[in-house]
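Asks: sequence unknown, structure follows:
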């Protein structure tokens, strides 16, 4: 019998990957290509959407090397969320570069809108606070700064999408009839979709001045959308999910109360809250976790942390105290504790649960006793303490308190860090055998949509534990150090005032 596979396209912040998975969820082949970041002004972060599409055209054949026609059962797509692409329907040419989710050019506009409108208007409709993080303020900014763009959008000549929409449109024909669709997880990050109806919200569209004619059709996360015309002609595109929701799916967090945290450049903790929309009162984001075909949507609470792995990169590249990222664990193990030193990495403000764009990074507790080993330990501990802040918010908001945390991402190779995360959370931390959970989640959803996998329980059976860390910290010490961390955070707040629009 000929083996069949599912292809996952993982379009991330720094690169695009194609991965083939087999029926047991094992990685068969992978191809990857990075794309350029463009920083035309302070706070501006852009990508070239055409470059990303061309990269996918280059790497897909590499991943398929040795695979015959008919062996790929479906395509699933995971993508960097919120990154905003506008393009011409007729020519397929983007209207400038894509504006990254990391971009903060809308900061002054967002602050002005918050003062006049407040967050409740948005929280009641899209379950998100007004922030530079999301897509709608970027669309509004483009309308304000590109002459004639709004009129073209009203006529339907200009289309909007996040990266999965752009890729699906090109995969299914582009200007020659490409499908203009998004899924509920990505739509839930635009500030334009009503979280309860799962449809574009007329009041939000009117508020931001976004014409409905430019918006994609909202579809479930797992459903056969269309048949590919390019790269894999005739293969069904069966799924699309935002990358963090894909990781939730790949970690098989299918029951309320199950949670994962992806530790990468930033870190993202999501906890399944079932079919119930829970409005956070403690600084978390309410988001759609996934939706399978006609089944009810499953929701999640999310705590995004802006700076975790990038703090280690800063320690390596800017301070030069280590030569490679793995060396930080060795350096941190030269001391028994942080020596009273804490680092709050608010390089571009603080995300959950604070949402303070006026915060900036601080190092507190410095004395002549502190060595680079203590600083290395403080760098790692900053990730754990930020996770603790998010988990405290989760436990305050969710009817299902966190009992175990599934982890993935590059930082999980650091055993000292993972042990410290378990210690400060006081729950077990577990890492799966398959580390590529974002790509795996997209593959799982696509395979489920086309019958390659029969059900969620079949996916659960593919999940296997590779490592586990159990809490082993004195409760008194845990709370004393957490108090120190919170006092350090207070000193990071209020440093920056937004510049005028």
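Replies: Arrived safely. Keep in mind it's a predicted model, so treat the numbers as computed, not measured.

Asks: from here on, contacts and neighbour counts on C-alpha atoms
Replies: OK.

Asks: So residue 378 versus residue 261, what's the distance?
Replies: From residue 378 across to residue 261, the span is 20 Å (CA to CA, to the nearest Å).

Asks: Also residue 102?
Replies: According to CA to CA, residue 102 and residue 261 sit 19 Å apart.

Asks: try residue 391
Replies: The gap separating residue 391 from residue 261 is 10 Å, by CA to CA.

Asks: And stretch 161-170, how far out from the chain middle?
Replies: The chain centre lies 16 Å from the centre of stretch 161-170; the measure is CA atoms, centre = their mean, to the nearest Å.

Asks: Repeat that for stretch 340-357.
Replies: With CA atoms, centre = their mean as the basis, stretch 340-357 stands 18 Å off its chain's centre.

Asks: One more: stretch 180-195?
Replies: Chain-centre distance of stretch 180-195: 14 Å, with CA atoms, centre = their mean.

Asks: sec struct for residue 218, please.
Replies: Secondary structure, DSSP: H, G, I helix; E, B strand; the rest coil: residue 218 is strand.

Asks: Tell me if I'm right that it and residue 186 touch.
Replies: No. Look at residue 218 against residue 186 with CA atoms under 8 Å: they stay out of range, at 9.1 Å.

Asks: biggest helix in the protein by residues?
Replies: The single longest helix within the chain, with elements called by DSSP state H, is helix 372-397.

Asks: helices and strands around that one, which ones?
Replies: Packing partners of helix 372-397 (3 or more CA pairs under 8 Å, 6 or more residues apart in numbering; DSSP states H and E): strand 267-274, strand 298-305, helix 309-317, helix 327-332, strand 342-344, helix 415-425.

Asks: which residues touch residue 372?
Replies: Residue 372 makes contacts with 321, 331, as judged by CA atoms under 8 Å, 6 or more residues apart in numbering.

Asks: any idea how far it lies from residue 318?
Replies: 14 Å.

Asks: quick one: the strands in the stretch 151-300 of the chain?
Replies: 158-161, 181-183, 193-194, 199-200, 217-219, 222-227, 236-242, 259-263, 267-274, 285-290, 298-305 (DSSP state E, counting those that start in this stretch).

Asks: The fifth one packs against which elements?
Replies: Secondary-structure packing of strand 217-219 (3+ CA pairs under 8 Å, 6+ apart): strand 181-183, helix 184-187.

Asks: Show me the shaky parts of this structure.
Replies: The chain contains residues with pLDDT under 70 at 1, 497-501.

Asks: Near the closest residue to residue 157 other than its chain neighbours, how many other residues are there?
Replies: Excluding its sequence neighbours, the residue lying closest to residue 157 (CA to CA, 6 or more residues apart in numbering) is residue 89, at 5.4 Å. Residues near residue 89, counting by other CA atoms under 10 Å, number 22.

Asks: circling back to that earlier point, who's more crowded, residue 218 and residue 186?
Replies: residue 186 (32 against 19).

Asks: returning to what we had before: state the next helix or strand along the chain beyond the longest helix of the chain.
Replies: strand 405-408 (DSSP states H and E).

Asks: Run the chain-centre distance for that next one.
Replies: Worked out by CA atoms, centre = their mean, strand 405-408 lies 14 Å from the chain centre.

Asks: And the contacts of that strand?
Replies: The contact list for strand 405-408, computed with CA under 8 Å, 6+ apart, reads 251, 258-263, 427-432, 435-437.

Asks: Over to stretch 98-117?
Replies: Residues contacting stretch 98-117 (CA under 8 Å, 6+ apart): 43-49, 80-86, 130-135, 137-138, 141, 498-501.

Asks: Kindly state the beta-bridge partners for the closest residue in space to residue 302 that isn't next to it in sequence.
Replies: Spatial nearest neighbour of residue 302, excluding adjacent residues (CA to CA, 6+ apart): residue 270 at 4.4 Å. Taking DSSP bridges as the rule, residue 270 bridges to residue 260, residue 302.

Asks: Measure how buried residue 270 is and give me the count.
Replies: Residues contacting residue 270 under the criterion other CA under 10 Å number 31.

Asks: Hmm, it is touching residue 248, no?
Replies: Yes. The criterion here is CA under 8 Å, and residue 270 meets it with residue 248 at 6.9 Å.

Asks: In the protein, which residue is most central in space?
Replies: Nearest to the geometric centre of the chain sits residue 244, at 4.2 Å (CA atoms, centre = their mean).

Asks: and it, what does it touch?
Replies: 262, 268, 270, 438.

Asks: Throw together a ChimeraX command that grabs the buried residues out of those.
Replies: The buried subset of the contacts of residue 244, as determined by 16 or more other CA atoms under 10 Å, is captured in ChimeraX by this line:
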select :262,268,270,438
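
Asks: related to what we said a few turns ago, for the helices and strands packed on strand 217-219, could you give me JSON lines that also reports distance to residue 158?
Replies: Shown next, in JSON lines, are the helices and strands packed on strand 217-219 (distance: least, CA to CA, whole Å):
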{"stretch": "strand 181-183", "distance to residue 158": "14"}
{"stretch": "helix 184-187", "distance to residue 158": "18"}
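
Asks: and these, which is most packed in?
Replies: Most buried of the helices and strands packed on strand 217-219, by mean neighbour count (mean count of other CA atoms under 10 Å): helix 184-187, with a mean of 30.

Asks: So which residues make contact with that helix?
Replies: By CA under 8 Å, 6+ apart, the list of residues contacting helix 184-187 reads 81-82, 162, 193, 198, 218-221, 241-242, 245, 287-291.

Asks: Now do the same for residue 445: helix, strand or coil?
Replies: Residue 445 is classified as helix under three-state DSSP.

Asks: Give me the nearest residue to it, chain neighbours excluded.
Replies: Among residues not flanking residue 445 along the chain, residue 222 sits closest, at 5.2 Å (CA to CA, 6+ apart).

Asks: residue contacts, that neighbour?
Replies: Contacts for residue 222 (CA under 8 Å, 6+ apart) come out as 238-240, 290-293, 445-446, 448-449.

Asks: switch the cut-off to 7 Å
Replies: By CA atoms under 7 Å, 6 or more residues apart in numbering, the contact set of residue 222 is 238-240, 291-293, 445-446, 449.

Asks: and if you look at residue 150?
Replies: Going by CA under 7 Å, 6+ apart, residue 150 touches residue 143.

Asks: so it is in which element?
Replies: helix 149-154.

Asks: Name the residues of that helix that are buried.
Replies: Using 16+ other CA under 10 Å as the burial criterion, the residues of helix 149-154 that qualify are 149-150, 152-154.

Asks: Go through the residues you listed and name the one nearest residue 467.
Replies: Nearest to residue 467 among the buried residues of helix 149-154: residue 153, at 50.2 Å, using CA to CA.

Asks: That closest one - nearest residue in space that isn't next to it in sequence?
Replies: Leaving aside its chain neighbours, residue 153 sits nearest to residue 214 (5.6 Å; criterion: CA to CA, 6+ apart).

Asks: Touching, that neighbour and residue 165? I think so.
Replies: No. If you go by CA atoms under 7 Å, residue 214 and residue 165 don't touch, sitting 12.0 Å apart.

Asks: Which one's more surrounded, the two?
Replies: Using other CA under 10 Å, the more surrounded residue of residue 214 and residue 165 is residue 165, with 25 against 22.

Asks: Tell me the spacing between the residue lying closest to residue 379 once chain neighbours are set aside and residue 226.
Replies: Closest residue to residue 379 apart from its sequence neighbours, by CA to CA, 6+ apart: residue 343 at 6.3 Å. Counting by CA to CA, the gap from residue 343 to residue 226 is 48 Å.

Asks: Residue 51 now?
Replies: For residue 51 relative to residue 226 (CA to CA), the value is 23 Å.

Asks: what about these two, which has more around it?
Replies: When residue 51 and residue 226 are compared for neighbours, residue 226 comes out ahead with 18 against 13, by other CA under 10 Å.

Asks: Done for today, thanks.
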